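[1] Give me coordinates for this.
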Amino acid sequence: MMRILLFAITVGILVMSEAFAQDATFTQFYANRTYINPAYAGADLGLRFNFNYRNLWTAVPGDFSTFSGGVDIGDPNIFGGIGFLANVSNEGEGQLQTQRYSFMYSYRLIILPRQFDLHFGLDAAYMSKEIRDWDAFIFSDQLHPVFGNINPTNAERPDRLKVEMPDFNAGILARFNINTAGGSRIKGKKTIANTLGFAVHHITQPNESLLGRTEKLPMRFLAHYTMAISLSKARSKNPLYLSPNIMYEHQRTLSTLNVGMYALRAPVMIGLWYRNEFKFETNDTDAIMFNVGMRGTTRDKSFMYQIGYSYDLTLSKLAGSTSGSHEIALIIEFTRAGFGKKSRYAKKRARNCYNWQGPRSTPKIF
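    Predicted coordinates:
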């Protein structure tokens, strides 16, 4: 009981001091690509749905969960792609809830046919923050050292429990193949797939204060790089890939570096990640993340699906108190979907778009 009370006090203090948390982070970022970078909208031709659920610190009292669902479509008729993304995050006993609903457009620039594309993305959103149950908060002046929560509080209820604001993100993405010496699928050479991106979130820094003050939502800067390297013979029907990844995030005073590696062989993948506060020191380690997943198709091959599960093992000062974090992801792709009949120019653009060249049944994380 006392543990619950102490936790509630902490949440109450955070709300009253306007020390709101940073944006939610997904371990399976590849399964929620437009969340980290709007330039991913329509990066792959066809229609794509994604659904994500993350439960943070399962042993800590209160609800620390994030739901996300989105759809994006890539079509050469619109010179790129469009997308929609919804995110809902809950924090604490009083359910400080953040909602964000965004529309995005990404323009595709073909640099080298089937080898190198640039994508420029913009995201415009409606965003809100709301305290859903003020009476659930317990403040320090309510607690008696022996009898617990028996006193009234002097904490004043805010005039409003919800604030609404517009919000904007932008990003750029480069997707390209590197052809190496040796046999392979493209003109006798092996191919290394690469994705490099940079995004800025909350560009206008809207005011998120619930207390009538000025509390700007801090910008979030994110850089990410992924590559897929085949370890199999060039003409292998089901090659084994290693995929090293790195992602850097900075928001407010927090900088986080994520480094990881995936092993991919259709239809399964396994991954291991390490998260640190941008400096490889033992006392700054946040977590080790484990990831498994698989990709498949329906019997009539009308669409592809990919499911994944990840677990974050907390190694920070909170280790032993949180029981880690769990995350589930689902992706559904209709690769032949689009906006109707393509013009001759659109068909030419479709043929010239970046092409990974790997088996469709290999899990996609780039």
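
[2] any idea how far Lys216 is from Gly165?
    Slight slip there: residue 165 is Met, not Gly. Met165 sits 10 Å away from Lys216, going by Cβ to Cβ, to the nearest Å. C-betas here are computed from N, CA, C, even on glycine.

[3] Pick out whichever of these two has more residues nearby.
    Met165 (17 against 12; other Cβ atoms under 10 Å).

[4] quick one: contacts for that one?
    127-128, 206-208, 217 (Cβ atoms under 8 Å, 6 or more residues apart in numbering).

[5] What of Ala39?
    Contacts of Ala39 by Cβ under 8 Å, 6+ apart are 106, 119-121, 171-173, 197, 199.

[6] can you list the weak-confidence ranges in the stretch 151-300 of the chain?
    181-189, 278-284 (pLDDT under 70).

[7] which residues in it form strands?
    Under the criterion DSSP state E, counting those that start in this stretch, the stretch 151-300 of the chain contains strands at 162-180, 190-201, 220-230, 241-251, 254-265, 268-276, 285-297.

[8] need those in JSON lines with distance to Ile36, can you?
    Below are the strands of the stretch 151-300 of the chain laid out as JSON lines (distance: least, Cβ to Cβ, whole Å):
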{"stretch": "strand 162-180", "distance to Ile36": "8"}
{"stretch": "strand 190-201", "distance to Ile36": "6"}
{"stretch": "strand 220-230", "distance to Ile36": "6"}
{"stretch": "strand 241-251", "distance to Ile36": "8"}
{"stretch": "strand 254-265", "distance to Ile36": "11"}
{"stretch": "strand 268-276", "distance to Ile36": "14"}
{"stretch": "strand 285-297", "distance to Ile36": "15"}
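
[9] Pro359: which of the contacts of Met165 is nearest?
    The shortest approach to Pro359 among those belongs to Met127, at 39.4 Å (Cβ to Cβ).

[10] tilt between whatever helix or strand that closest one lives in and strand 162-180?
    When elements are assigned from DSSP states H and E, Met127 belongs to strand 116-131. Here strand 116-131 runs at an angle of 160 degrees relative to strand 162-180 (axes from the mean of the first three to the mean of the last three Cα atoms, to 10 degrees).

[11] Beyond strand 116-131, next helix or strand please.
    According to DSSP H and E, the helix or strand after strand 116-131 is strand 143-144.

[12] So which elements touch that following strand?
    Contacts defined by 3 or more Cβ pairs under 8 Å, 6 or more residues apart in numbering; DSSP states H and E place strand 143-144 against no helix or strand at all.

[13] Run me through the strand neighbours of whichever helix or strand comes after it, direction for each.
    Later in the chain than strand 143-144, the nearest helix or strand by DSSP H and E is strand 148-149. Sheet pairing of strand 148-149 (DSSP bridges) gives strand 143-144 (antiparallel).

[14] For the residue of the chain most remote from its centre, report the pLDDT, please.
    Within the chain, the residue lying farthest from the chain centre (Cα atoms, centre = their mean) is Val146, at 44.7 Å. Looking at Val146, its pLDDT is 74.

[15] What of Arg351?
    In this prediction Arg351 is given a pLDDT of 87.

[16] Would you quantify the distance from it to Pro113?
    8 Å.

[17] The two: who's more crowded?
    Neighbour count, other Cβ under 10 Å: between Arg351 and Pro113, Pro113 has more, with 14 against 11.

[18] list the contacts for that one?
    Applying Cβ under 8 Å, 6+ apart, the residues near Pro113 are 351-352.

[19] Could you rerun that using 7 Å?
    Asn352 (Cβ atoms under 7 Å, 6 or more residues apart in numbering).

[20] again, but for the one 5 residues further on
    When contacts are counted by Cβ under 7 Å, 6+ apart, Leu118 is found next to 109, 111, 174.

[21] go with 8 Å
    When contacts are taken as Cβ under 8 Å, 6+ apart, Leu118 is in contact with 108-109, 111, 172-174.

[22] Okay, and the beta partners of it?
    Residues in beta-bridge contact with Leu118 (DSSP bridges): Leu109, Ala174.

[23] if we can go back for a sec, could the contacts of Leu118 be laid out in JSON lines, adding distance to Met294 and neighbour count?
    JSON lines is the format used below for the contacts of Leu118 (distance: Cβ to Cβ, whole Å; neighbours: other Cβ atoms under 10 Å):
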{"residue": "Arg108", "distance to Met294": "29", "neighbour count": "25"}
{"residue": "Leu109", "distance to Met294": "33", "neighbour count": "12"}
{"residue": "Ile111", "distance to Met294": "33", "neighbour count": "12"}
{"residue": "Ile172", "distance to Met294": "31", "neighbour count": "17"}
{"residue": "Leu173", "distance to Met294": "26", "neighbour count": "24"}
{"residue": "Ala174", "distance to Met294": "28", "neighbour count": "18"}
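
[24] how about the strands of the stretch 1-150 of the chain, start to end?
    46-55, 63-75, 80-92, 96-112, 116-131, 143-144, 148-149.
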